[in-house]
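1. the sequence and its predicted three-dimensional model are supplied below.
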Amino acid sequence: MSFVRGVQGDSFEGGKLGQHLQASACCKHFTAYDLDSWKGVSRFVFDANVTLQDLADTYQPPFYGCIQQGRASGIMCAYNRVNGVPNCADYNLLSKTARKKWDFQGYIVSDCDAVQNMYEQQGYAKSPEDAVAYALKAGMDVNCGTYLQDHTKSAIKRNKLPESQIDRALQNLFSVRMRLGLFNGNPAEQPFGNIGFNQVCSIRHQRLALDAARDGIVLLKNSGRLLPLSKAKTRSLAVIGPNANIPHTLLGNYEGPPCKTITPLQALQKYVKNTRYHPGCNTVSCSSALIDEAVQIAKEADQVVLIMGLDQTEEREDFDRLDLLLPGKQKKLITSVARVAKKPVVLVLLCGGPVDVSFAKYDQNVGSILWAGYPGEAGGLALAEIIFGDYNPGGRLPVTWYPQSFTKTPMTDMRMRAESSPGYPGRTYRFYQGPKRLAPNSVRIGSLQSKLEFKTLERWQAFKGGKREPHETIDWIPECESEGRRKG
């Protein structure tokens with residue numbers, strides 16, 4: 001919600017946004033859009049069978065919050081169908097729910113060529129004109145693509161669409177354009193009319209990129225208080241892995257050009273001058289691994305950092321993964337290096353989705369595991385700061401990390417709750433009841449370095465004589481005191 005508010009010019013808490021928008025935030029993809037391309041099933045034709053309960057308590061709440069709390073001025077309806085009806089042709093979804101029930105004030109845009117797909121791929125519409133009419137009557141206002149441009153006039157002439165629907169769509173679209181100030185005169189004289197590269201890449205914005213990277217990194221394991229590494233005692237460092245020195249991997253996709261990028265290797269070299277590097281694999285797919293060379297470098301170093309994971313060749317839009325394992329010979333590289341290193345190694349994972357690294361979780365030779373996602377241009381520096389103790393990570397996982405066995409669950413099954421009779425494990429941390437998840441929690445380095453004392457519950461117990469009545473709830477905000485030296 002706060003991201004939407006910030007984009008549009010509202011305050012962090014919301015409630016300060018007037019009629020003027022500095023930019024229009026569009027929440028997508030509305031709704032129940034979980035599949036891109038999986039085992040021959042495409043997002044363009046997928047029909048998601050979703051119960052009303054799952055819609056109400058899982059799939060719709062993010063959009064409700066985006067509209068109600070974030071006050072977003074745009075929604076994008078998704079390619080897929082839900083219970084037989086294309087999202088962009090669903091009057092109940094777009095008009096009755098978003099506009100009337102949630103009081104959405106803004107424009108609704110299709111995903112690119114979603115209207116065309118209703119006719120050409122889904123067969124839901126019998127003609128292009130029908131597809132246009134279904135979408136506009138449902139409440140969609142603008143089409144990403146050319147179908148409205150090419151077929152709306154014909155739809156009106158064939159009496160499939162009244163002109164009043166065009167008027168309504170134009171009103172929704174142009175009201176947002178007016179709120180953006182697009183009709184207030186010379187664009188160059190408007191508040192954001194002369195933004196140049198220097199303003200985009202200002203020192204303040206580069207610091208913000210670093211803060212975002214720091215705050216998003218998650219510590220999944222820290223056995224024996226391995227992290228942070230000692231700057232004074234680490235005289236030599238081995239950095240191994242296919243993601244250690246590839247700047248673009250840090251950016252993920254839908255990325256803009258970075259102001260400057262420091263790879264994890266480059267950032268770590270600033271902490272330890274005697275740093276040796278080896279990619280270990282030919283690429284992230286790791287179809288070929290130079291394990292013997294990596295092992296030799298690891299043997300000679302005081303500490304070893306392995307930077308592994310995925311990239312856009314393994315996960316991206318319109319490309320669903322079929323398993324949750326690290327690609328190719330990455331696991332073999334990790335275990336081989338960890339086995340010969342002088343001390344337990346640090347494993348860093350660059351990836352957007354979860355990976356099953358259970359082997360590393362239970363391997364005593366892997367001391368720490370950090371997940372960084374795709375942390376952006378400053379991600380390499382943020383990782384080095386965390387590894388050497390200049391920043392204490394406090395990120396939390398944004399997705400559930402399932403074991404590899406979860407891949408037996410079809411992506412086409414949209415049920416959230418577990419069902420024992422067919423052996424369905426359920427989805428997300430809220431409902432999943434299958435084999436143990438890899439990373440149910442994340443930790444902070446500070447909490448592992450400190451002795452914590454919780455006081456509030458003790459006070460409550462003293463007040464109540466150590467007893468709690470049946471069904472009595474406690475509003476408990478713990479008061480913690482840390483006796484350790486490290487913040488967090």
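-> That came in fine, so what should we check first?

2. give me every residue that touches Gln105.
-> Ser73, Ser175 (Cβ atoms under 8 Å, 6 or more residues apart in numbering). Glycine gets a C-beta too; all of them are placed from N, C-alpha and C.

3. low pLDDT regions in this structure?
-> 439-488 (pLDDT under 70).

4. could you rerun that using 50?
-> The model of the chain has pLDDT under 50 over residues 447-464, 468-477, 482.

5. what's the longest helix belonging to it in contact with?
-> With secondary structure taken from DSSP state H, the chain has its longest helix at helix 163-179. Residues outside helix 163-179 that contact it (Cβ under 8 Å, 6+ apart) are 19-21, 24, 73-74, 105-108, 136-137, 140-142, 152, 156, 183.

6. at 6 Å what do you get?
-> Under the contact criterion Cβ atoms under 6 Å, 6 or more residues apart in numbering, helix 163-179 has outside partners Gln19, Leu21, Ser24, Ser73, Gly106, Tyr107, Leu136, Asp141, Val142.

7. how about the CA coordinates for it, as CSV?
-> Only the C-alpha atoms of helix 163-179 are listed here, as CSV (Å, rounded to 0.1, in the frame of the first residue of the first chain):
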residue,chain,number,x,y,z
GLU,A,163,-21.8,4.7,-27.5
SER,A,164,-22.5,5.4,-23.8
GLN,A,165,-19.9,2.7,-23.0
ILE,A,166,-17.3,4.7,-24.9
ASP,A,167,-18.3,7.9,-23.1
ARG,A,168,-17.9,6.1,-19.7
ALA,A,169,-14.5,4.7,-20.7
LEU,A,170,-13.2,8.1,-21.9
GLN,A,171,-14.4,9.8,-18.7
ASN,A,172,-12.5,7.3,-16.5
LEU,A,173,-9.4,7.6,-18.6
PHE,A,174,-9.3,11.4,-19.1
SER,A,175,-10.2,12.1,-15.4
VAL,A,176,-7.0,10.4,-14.4
ARG,A,177,-5.0,12.2,-17.1
MET,A,178,-6.4,15.5,-15.8
ARG,A,179,-5.4,14.5,-12.3
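
8. next step: the contacts of helix 163-179 restricted to helices.
-> Those of these lying in helices (DSSP H): Leu136.

9. on that earlier part again, in the longest helix of the chain, which residues are buried?
-> Gln165, Ile166, Arg168, Ala169, Asn172, Leu173, Val176, Arg179 (16 or more other Cβ atoms under 10 Å).

10. swap in stretch 189-202?
-> Buried residues in stretch 189-202 (16+ other Cβ under 10 Å): Cys201.

11. list the contacts of the very next helix or strand once past the longest helix of the chain.
-> Moving toward the C-terminus from helix 163-179, the next helix or strand (DSSP states H and E) is helix 197-200. In this structure, no residues lie in contact with helix 197-200 by Cβ under 6 Å, 6+ apart.

12. what's the first helix or strand after helix 197-200?
-> With DSSP H and E, the next secondary element past helix 197-200 is helix 203-216.

13. what's the following helix or strand past that following helix packed up against?
-> Downstream of helix 203-216, the next assigned helix or strand under DSSP H and E is strand 218-222. Packing partners of strand 218-222 (3 or more Cβ pairs under 6 Å, 6 or more residues apart in numbering; DSSP states H and E): strand 366-371.

14. and the end-to-end length of stretch 184-193?
-> End-to-end distance of stretch 184-193 (Cα to Cα, to the nearest Å): 11 Å.

15. can you list contacts of it?
-> By Cβ under 6 Å, 6+ apart, stretch 184-193 touches Gly181, Asn194.

16. can we see that at 7 Å?
-> Gln22, Gly181, Asn194 (Cβ atoms under 7 Å, 6 or more residues apart in numbering).

17. and the nearest residue to the first one once chain neighbours are set aside, how far is that from Arg179?
-> Using Cβ to Cβ, 6 or more residues apart in numbering and skipping the chain neighbours, the partner closest in space to Gln22 is Gly9 (3.6 Å). Computed as Cβ to Cβ, to the nearest Å, the Gly9 to Arg179 distance reads 10 Å.

18. quick check: neighbours shared by those two?
-> Contacts common to Gly9 and Arg179, judged by Cβ under 7 Å, 6+ apart, are His20, Leu21.

19. tell me which helix or strand comes right after whichever strand or helix holds Ala131.
-> Following DSSP H and E, one finds Ala131 within helix 128-138. Counting by DSSP H and E, the next helix or strand C-terminal to helix 128-138 is helix 147-157.

20. tell me which other helices or strands that following helix touches.
-> With contacts taken as 3 or more Cβ pairs under 7 Å, 6 or more residues apart in numbering; DSSP states H and E, helix 147-157 sits against helix 114-120, helix 128-138.

21. Pro403: which of those is closest?
-> Among the helices and strands packed on helix 147-157, helix 114-120 comes nearest to Pro403, with 34.5 Å by Cβ to Cβ.

22. re earlier: quick one: which of the contacts of stretch 184-193 is nearest to Ile67?
-> Nearest to Ile67, judged by Cβ to Cβ, of the contacts of stretch 184-193 is Gln22 at 18.5 Å.

23. so what's that closest one up against?
-> Neighbour list for Gln22: Gln8, Gly9, Phe192 [criterion: Cβ under 7 Å, 6+ apart].

24. tell me how far the last one lies from Leu21.
-> Spelled out, that is Phe192. Taken as Cβ to Cβ, the span from Phe192 to Leu21 is 11 Å.

25. what's around the residue nearest to Tyr271 when sequence neighbours are not counted, how many residues?
-> Of all residues not flanking Tyr271 in the chain, Phe388 sits nearest, at 5.0 Å (Cβ to Cβ, 6+ apart). Look at Phe388: counted by other Cβ atoms under 10 Å, it has 21 neighbours.

26. on that earlier part again, the helix holding Ala131 versus helix 147-157: what angle between them?
-> Computed by axes from the mean of the first three to the mean of the last three Cα atoms, to 10 degrees, the angle separating helix 128-138 from helix 147-157 equals 90 degrees.

27. now helix 128-138 and helix 163-179, what's the angle there?
-> Going by the same axes, to 10 degrees, helix 128-138 makes 60 degrees with helix 163-179.

28. dump helix 128-138 to CSV, keeping only the CA atoms.
-> Coordinates of each C-alpha in helix 128-138 appear next as CSV, following Å, rounded to 0.1, in the frame of the first residue of the first chain:
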residue,chain,number,x,y,z
PRO,A,128,-13.6,-9.3,-32.7
GLU,A,129,-16.5,-7.0,-32.2
ASP,A,130,-18.0,-9.3,-29.6
ALA,A,131,-14.7,-9.3,-27.7
VAL,A,132,-14.6,-5.5,-27.7
ALA,A,133,-18.2,-5.3,-26.6
TYR,A,134,-17.7,-7.8,-23.8
ALA,A,135,-14.7,-5.9,-22.4
LEU,A,136,-16.2,-2.4,-22.5
LYS,A,137,-19.6,-3.5,-21.1
ALA,A,138,-17.8,-5.3,-18.3
